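Q: Sequence first, then the predicted structure:
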Amino acid sequence: MTNPRQLAFIALREVHKGAYADVALDRVLQKVKLPDHDRRLMTELVYGSVRRQRTLDTLIDQIATKKAQQQPPDLRTILHIGFYQLRYQQRIPASAAVNTTVELAKENAFSGLTGFVNGLLRQYLRLAETSPDPLKLPENPVERLGILYSFPDWIIEVWLEQLGFEETEKLCAWMNQTPTIDLRVNILRSSLEEVESAFNSAGVLVSRIPHLPQALRLIGNTGGIQNLPGFREGWWTVQDSSAQLVGYLLDPKPGDVVIDVCAAPGGKTTHIAELMGDRGKVWACDKTASRLRKLKENAQRLNLQSIEICTGDSRNLPQFYQTADRVLLDAPCSGLGTMHRHADARWRQTPESVKELSQLQLSLLSHISNFVKSGGFLVYATCTLHPTENEEVISRFLADYPAWQIEPPTKLELPYSAYSERSGCLKVWPHQQDMDGFFMVRLRKTNNSE
Ligand SMILES: C[S@@+](CC[C@H](N)C(=O)[O-])C[C@H]1O[C@@H](n2cnc3c(N)ncnc32)[C@H](O)[C@@H]1O
């Protein structure tokens, strides 16, 4: 079977039963051979319907007599696919969106409800002719943004508190975009110019990123990453620009001993080894063996020799006490800064999961701070934009461990001026910097501490 809408329906059905959107999508795609444009349409329908779930449910609530949650689950999924195309896929003619959705209903045991499906979608189109938006929005700013941009209220509240209405709206819109792909050039194997020129010759467009000396952003549809020039030769690796900032903030030197305590799949470990000229030792520790296998593959492809792997809970590594010049804790987090990359992340996290994560983060930080020698540095980073996992973890740590202090980036470290906060922490807001959301802070252990 090769109908991309039916395949999207099959994948979405799995997502609604609890599967991760990317896993469900891959599982279906592996079983079929689709032309590129059908594969793109299917991907768009799956990720789009998951991302826009709250908006699509609200449309069903407002137009049908029965609420979305009361519809049979498969019918709700079919309506999501139909409304998603009508509302967000302007290049698909409305008649095609309606007819194919009616077909989906027919093919999936809802032959008796094709009139209902047709009527609902056509009612949306009729409303769209007479009002700028058929979706009715409440006045309350939290629900208004939550319904319009399809986020749970609690995420909107966290952002409104930090940013106010206008900026939060920009951030919401940014998070609903298709993500871009950035590369980090391996300066030990190639150069920015060499990679740019190889890409130009292959007709692949890239742009540079201000202040980031190793970064290139892919422009447009480039096809499979592994087929791009220089991949096999280890000239570059995929890493978002904001994640590249973390390596510079850690600022490792050739010959250093560095411990990356949550290292897999190795985006930052390999950057650290590159910045050290592959001289010294980078310990890559992680509790997830399968992710560490990816790290090993990456390090081999990039031809880096200074990385050594260590599997297990990083809170239980007494052999590392007082041994490191620098330690990186790129902590497990709720990922609120990278929700554009994970369509279902906004529905998976909750205020409770954020609280649990913050306890794990503080516990990791307290343990691994022992790895740093006197006078050494530690960088704490997350890809979330929740103060409970960022500023609050740091202030609780500093209150418990007076030997530590924040070491703000120096004036010479140019890229940071744009992101630096008065506290010395760095926060990348995606809608302002056009890169993943990130939090990072450098901490120094003073010489007189034990
Ligand atoms: C944000 S990811 C790290 C990404 C990685 N630094 C990179 O740049 O590619 C967080 C990692 O923490 C690991 N992790 C979670 N709890 C851990 C623990 N107690 N000890 C070691 N690793 C842990 C997870 O397996 C996951 O790979």
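A: That came through, no problem.
Q: can we go C-alpha only for contacts and neighbour counts from here?
A: Fine.
Q: helix or strand for the closest residue to the ligand within the stretch 101-250 of the chain, which one?
A: Residue nearest to the ligand within the stretch 101-250 of the chain: residue 243 (7.0 Å; CA to the nearest ligand atom). Of the helices and strands defined by DSSP states H and E, residue 243 is found in helix 241-250.
Q: Tell me which residues of that helix come out buried.
A: 241, 242, 243, 244, 245, 246, 247, 248, 249, 250 (16 or more other CA atoms under 10 Å).
Q: Now do that helix, average pLDDT.
A: Averaging pLDDT along helix 241-250 yields 95.
Q: end to end, how far does stretch 155-174 reach?
A: 14 Å (CA to CA, to the nearest Å).
Q: Tell me how far the nearest residue to residue 135 once chain neighbours are set aside lies from residue 69.
A: Setting aside the residues directly before and after it, residue 135 is nearest to residue 59 in space (CA to CA, 6 or more residues apart in numbering), at 6.2 Å. Separation of residue 59 from residue 69 (CA to CA): 12 Å.
Q: Please name the residues that touch the residue sitting furthest away from the middle of the chain.
A: For the chain, the residue at maximal distance from the C-alpha centroid (CA atoms, centre = their mean) is residue 112, at 40.9 Å. By CA atoms under 8 Å, 6 or more residues apart in numbering, the contact list for residue 112 reads residue 106.
Q: so how far is residue 128 from it?
A: Separation of residue 112 from residue 128 (CA to CA) stands at 27 Å.
Q: Excluding residues flanking it in the chain, which one is nearest residue 28?
A: Excluding the flanking residues, the one nearest residue 28 by CA to CA, 6+ apart is residue 11, at 6.4 Å.
Q: Quick check: residues of the stretch 151-300 of the chain near the ligand?
A: Residues of the stretch 151-300 of the chain found near the ligand (CA under 6 Å from any ligand atom) are 261, 262, 263, 264, 265, 266, 267, 268, 286, 287, 288.
Q: Among those residues, name the ones in strands.
A: Among these, DSSP state E puts residue 286 in strands.
Q: which residues sit in contact with the residue nearest to residue 28?
A: So residue 11 contacts 21, 24, 25, 27, 28, 46 (CA under 8 Å, 6+ apart).
Q: From those residues, list just the buried residues.
A: In these, burial by neighbour count holds for 21, 24, 25, 46, counting by 16+ other CA under 10 Å.
Q: and the two most separated of those?
A: Using CA to CA, the pair of those lying farthest apart is 24 and 46, separated by 9.2 Å.
Q: Report the set of residues contacting both of the two.
A: 11, 12.
Q: The helix holding residue 243 - contacts with which helices or strands?
A: When contacts are defined as 3 or more CA pairs under 8 Å, 6 or more residues apart in numbering; DSSP states H and E, helix 241-250 sits against strand 182-185, helix 267-275, strand 372-382, strand 438-445.
Q: Can you give me the domain assignment for the protein?
A: Split into domains by automatic domain parsing, the chain comes to 4-130, 141-175, 182-238, 241-445.
Q: Flag the shaky bits of the protein, pLDDT-wise.
A: For the chain, applying pLDDT under 70 flags the ranges 411-419, 447-450.
Q: can you map out the strands along the stretch 351-450 of the chain?
A: Taking DSSP state E, counting those that start in this stretch as the test, the strands found in the stretch 351-450 of the chain are 372-382, 404-406, 426-428, 438-445.
Q: Make TSV out of those and add mean neighbour count and distance to residue 142.
A: As requested, the strands of the stretch 351-450 of the chain are exported to TSV (neighbours: other CA atoms under 10 Å; distance: least, CA to CA, whole Å):
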stretch	mean neighbour count	distance to residue 142
strand 372-382	23	25
strand 404-406	19	34
strand 426-428	24	23
strand 438-445	24	23
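Q: Can I get those strands in TSV including distance to residue 296?
A: What follows is those, written out as TSV (distance: least, CA to CA, whole Å):
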stretch	distance to residue 296
strand 372-382	22
strand 404-406	32
strand 426-428	29
strand 438-445	25
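Q: Show the contacting residues for residue 42.
A: With contacts defined as CA under 8 Å, 6+ apart, residue 42 is in contact with 4, 5, 7, 8.
Q: May I ask which of those residues has the most neighbours?
A: Highest neighbour count within the contacts of residue 42, by other CA atoms under 10 Å: residue 8, with 27 neighbours.
Q: I'd like the secondary structure assignment at that one, please.
A: At residue 8, secondary structure determined by DSSP: H, G, I helix; E, B strand; the rest coil is helix.
Q: ok, it - contacts?
A: Residue 8 sits next to 25, 42, 43, 45, 46 when contact means CA under 8 Å, 6+ apart.
Q: try 7 Å
A: 42, 45, 46 (CA atoms under 7 Å, 6 or more residues apart in numbering).
Q: any idea how far the first one is from residue 8?
A: Translated: residue 42. As for residue 42, its distance to residue 8 is 5 Å (criterion: CA to CA).
Q: what's the answer for residue 263, then?
A: With CA to CA as the criterion, residue 263 and residue 8 are 34 Å apart.
Q: and what of residue 334?
A: Residue 334 is 27 Å from residue 8, by CA to CA.
Q: Torsion angles phi and psi at the residue nearest to the spatial centre of the chain?
A: Nearest residue to the geometric centre of the chain (CA atoms, centre = their mean): residue 338, 2.7 Å. Backbone torsions for residue 338, taken as degrees, to the nearest 10, come to phi -130, psi 30.
Q: Surely it is in contact with residue 439?
A: No: at 11.7 Å, residue 338 does not count as touching residue 439 under the criterion of CA atoms under 7 Å.
Q: what touches both of the two?
A: Counting by CA under 7 Å, 6+ apart, the shared contacts of residue 338 and residue 439 are residue 383.
Q: Tell me where the stretch 201-350 of the chain has strands.
A: Secondary structure of the stretch 201-350 of the chain (DSSP E, counting those that start in this stretch): strands located at 205-208, 215-219, 236-238, 257-260, 281-286, 307-311, 324-330.
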